[in-house]
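Undergrad: one predicted model, sequence on top.
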Amino acid sequence: MELEAVAVVGPTASGKTRRAVEIAKLLEGEIISADSRQIYRGMTIGTGKDLCEYGDVPYHLIDIAEPGTKYNLHRYLSDFRKSYSDITTKGKMPIICGGTGMYIENALNGIILPEVPENPELRESLKDKTLSELEEILKTYKTLHNTTDIDTAKRAIRAIEIEEYYLQHPDLASNSKRENATPINALVIGIDIPREDRRNRISDRLDARLEEGMIEEIKSLIDSRINPEDLIYYGLEYKFVTLHVIGKLSFDEMRHNLEIAIHQFAKRQMTWFRGMEKRGTHIEWVPWNLSDEEFEEAVLNLLRK
């Protein structure tokens, strides 16, 4: 079967963007971002967009939504299909790059999700539930592969809302089932970085982003009338730095708690990618510290398989 796309996956701080750019140059491709936060305008330092790394390689699904809005999997898959079609129509190779495994896995599997409206009555009945109680409710609808997408009560309630809608509309929900979808034939390359190297890079990158002006970036977003609660919703840098900016955490508390949270996030990312493999996605793991020449040779060898 003819190759239809290449995907570059891996945990945060593994160097995915640089590798995706290398592949795009090698294959005359264009990059589709698969990052749940890089889609927001003005959220640049905290999300690690590293736009300078792209050079003249075209990229998609970065800076496409306003900060403060709630982007979701449904919107991503719709936007992904448009970008994918634009790239392939030009005869170019789509290079999917990111660490949001839920986005990547569903996109590669060809999943199409219906638009799920809000259910006020259901939300009212769930509003006083704890996160653990909401997780137990969600488990009655489906098997939870991990809890990356339900790390807050709001997200858990939304997940329950979606599952309830699918239960009431089985005809619309059928397109969301993998067995009914048309998958993309993709070479999936994983950037394999040992735990200790990953931890060191995360810590170094966090300090670099703080020096680069991450606190000032978030102050600017709040000054532009973005609700701090909306920034906290995005998690990680935007959660902890916002709490520092509004006076709820000292600088040292913010940095310490954020560093721990990013390490935990990277571990959850790897849990998702390992789960992808168990669910049928083959990932070719390549060492993170190859030279550019070695990496190019490894990719070419994979393409010849």
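TA: Arrived safely, thanks for sending. Numbers count the residues shown, from 1 in each chain.
Undergrad: and the most centrally placed residue in the chain, what pLDDT?
TA: Residue closest to the average C-alpha location in the chain (CA atoms, centre = their mean): T100, at 2.3 Å. According to the prediction, T100 has pLDDT 95.
Undergrad: contacting residues around it?
TA: Contact analysis of T100 by CB atoms under 8 Å, 6 or more residues apart in numbering lists 34-36. Heads up, the C-betas are built off the backbone N, CA and C, glycines and all.
Undergrad: which of those fall in strands?
TA: Secondary structure from DSSP state E places none of the contacts of T100 in strands.
Undergrad: from the residues you listed, which is closest to P117?
TA: For these, the residue nearest P117 by CB to CB is S36; the value is 21.4 Å.
Undergrad: what is the neighbour count of the closest one?
TA: Neighbour count of S36, defined by other CB atoms under 10 Å: 21.
Undergrad: same question for R201.
TA: Neighbour count for R201, taken as other CB under 10 Å: 18.
Undergrad: and it, what element?
TA: Here R201, judged by DSSP states H and E, is contained in helix 195-212.
Undergrad: tell me what that helix is packed against?
TA: helix 251-278 (3 or more CB pairs under 8 Å, 6 or more residues apart in numbering; DSSP states H and E).
Undergrad: packing partners for the helix it packs on?
TA: Partner elements for helix 251-278 (3+ CB pairs under 8 Å, 6+ apart): helix 101-108, helix 195-212, helix 236-245, strand 283-287.
Undergrad: could I get those as CSV with distance to L131?
TA: Output for these, formatted as CSV (distance: least, CB to CB, whole Å):
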stretch, distance to L131
helix 101-108, 18
helix 195-212, 25
helix 236-245, 15
strand 283-287, 30
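Undergrad: which one is the residue nearest to the centre of the chain nearest to, not counting chain neighbours?
TA: Leaving out its chain neighbours, the residue that sits closest to T100 by CB to CB, 6 or more residues apart in numbering is S36, at 4.4 Å.
Undergrad: not counting sequence-adjacent ones, nearest residue to G101?
TA: Per CB to CB, 6+ apart, closest to G101 is W272, 3.5 Å.
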